[in-house]
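Novice: pasting the structure only:
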């Protein structure tokens, strides 16, 4: 009877460790060409047959993640943590589904160049960071013909696959917290930077204010830049103009909230005694700053997991699939930057000690 050789036998024959043999047979690891060749020659010489009659060397399919910073106002170092969370989620799910994940970054390059880079690319599918992408950009990238999923953006009427956060659900949680705390006048700090999620949060603000029976004041909706320095500078200008501040604000994201809080402090406006602030993203600094920031948490790892799962289903399907659009729910993380309204008489005493913009409940 012919002897059945094992991975250990191949390792002895090739002069490598069993672990190295396993990596070569599974197409993984950074193995030198010389070592890989020795292992494969040993496999051939010993006529090794893997268990379950799998092919001698499995081909590991590759998924490509496109990290796209079109203008850099939101995809930048301030948000590097949540990009890392997306990648962690994708990497874990890709490994579980026997894919290799590669990350390719594009900063300030035309979308047409990014789309062209996918032509003939040796990948099975693509996940694209859609934070700063327009509807036209989405169509251009998916025209490559590869199975593609877009994350961190969402378009209702575009025939493409999306995995994003549920912005309407998240904003509802923010406004409900303010209302339940006793605020009747609620402000919103939006951004004039064009991203789909910013627009969705703005739309959700107005929709949920109506849903909750709250009145929106035009002067309480501010629009500022989305980077930390930009948000700070724009808010300083608004404060210098003598803006009539609302008693609480929902900020489009945490970075904007950081800039706004810095500006308010320079005008001796206390958080949350004078103005309550709630952000969006739950970046690490939000829990360590003073006061710690109440904010919205959406699992970026879950979005990464789901993007790979959706892509895998598309790749393995023998039939054309309808677009898949997944929204991940949010959780409000309560901290110290918001509190119930202070009695007006107490505010009057505080204002008498400092020259600050008027704050009305």
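Specialist: On my side now, so go ahead. Please read all numbers here as calculations on a predicted model, not as lab measurements.
Novice: all helices for the stretch 251-361 of the chain, in order.
Specialist: Here the stretch 251-361 of the chain has its helices, by DSSP state H, counting those that start in this stretch, at 254-266, 285-288, 300-316, 344-353.
Novice: deepest of those, which one?
Specialist: Per residue and on average, the most neighbours among those fall to helix 254-266, with a mean of 23 (mean count of other C-beta atoms under 10 Å). Any C-beta I mention is one placed from the backbone N, CA and C, and that applies to glycine too.
Novice: which residues touch that one?
Specialist: 78-79, 189, 191, 224, 226-236, 239, 249, 251, 271, 274-275, 277-283, 285-286, 289, 293, 295, 337 (C-beta atoms under 8 Å, 6 or more residues apart in numbering).
Novice: how far out from the middle of the chain is that helix?
Specialist: 21 Å (C-alpha atoms, centre = their mean, to the nearest Å).
Novice: pLDDT averaged over it - what is it?
Specialist: The pLDDT scores in helix 254-266 average 98.
Novice: how near is residue 24 to residue 42?
Specialist: 10 Å (C-beta to C-beta, to the nearest Å).
Novice: neighbour count for those two, which is higher?
Specialist: In terms of neighbours (other C-beta atoms under 10 Å), residue 24 is the more surrounded of residue 24 and residue 42; the figures are 25 against 21.
Novice: the more buried one in helix, strand or coil?
Specialist: When classified by DSSP: H, G, I helix; E, B strand; the rest coil, residue 24 comes out as helix.
Novice: okay but it is in contact with residue 36, surely?
Specialist: Yes - between residue 24 and residue 36 there is a contact at 5.3 Å, judged by C-beta atoms under 8 Å.
Novice: then residue 176 would be within a strand, right?
Specialist: No - using three-state DSSP, the assignment for residue 176 is helix, not a strand.
Novice: what separates it from residue 213, distance-wise?
Specialist: In terms of C-beta to C-beta, residue 176 sits 11 Å off from residue 213.
Novice: those two - which one has more neighbours?
Specialist: residue 176 (14 against 8).
Novice: any weak-confidence spans in this protein?
Specialist: For the chain, the stretches flagged by pLDDT under 70 are 1-3, 26-30, 44, 47-59, 79, 343-361.
Novice: 50 instead, please
Specialist: 52-58, 350, 354-356, 358, 360-361 (pLDDT under 50).
Novice: pop the domain breakdown of it in here.
Specialist: 7-53, 61-166+299-330, 167-297+334-353 (automatic domain parsing).
Novice: which residues in this structure form strands?
Specialist: For the chain, the strands defined by DSSP state E occupy 61-69, 99-107, 125-129, 148-151, 161-165, 187-191, 221-224, 248-251, 276-278, 295-297, 325-328, 331-333.
Novice: and the ones you listed, which is most packed in?
Specialist: strand 248-251 (a mean of 28).
Novice: residues contacting residue 236?
Specialist: Residue 236 neighbours (C-beta under 8 Å, 6+ apart): 263, 266.
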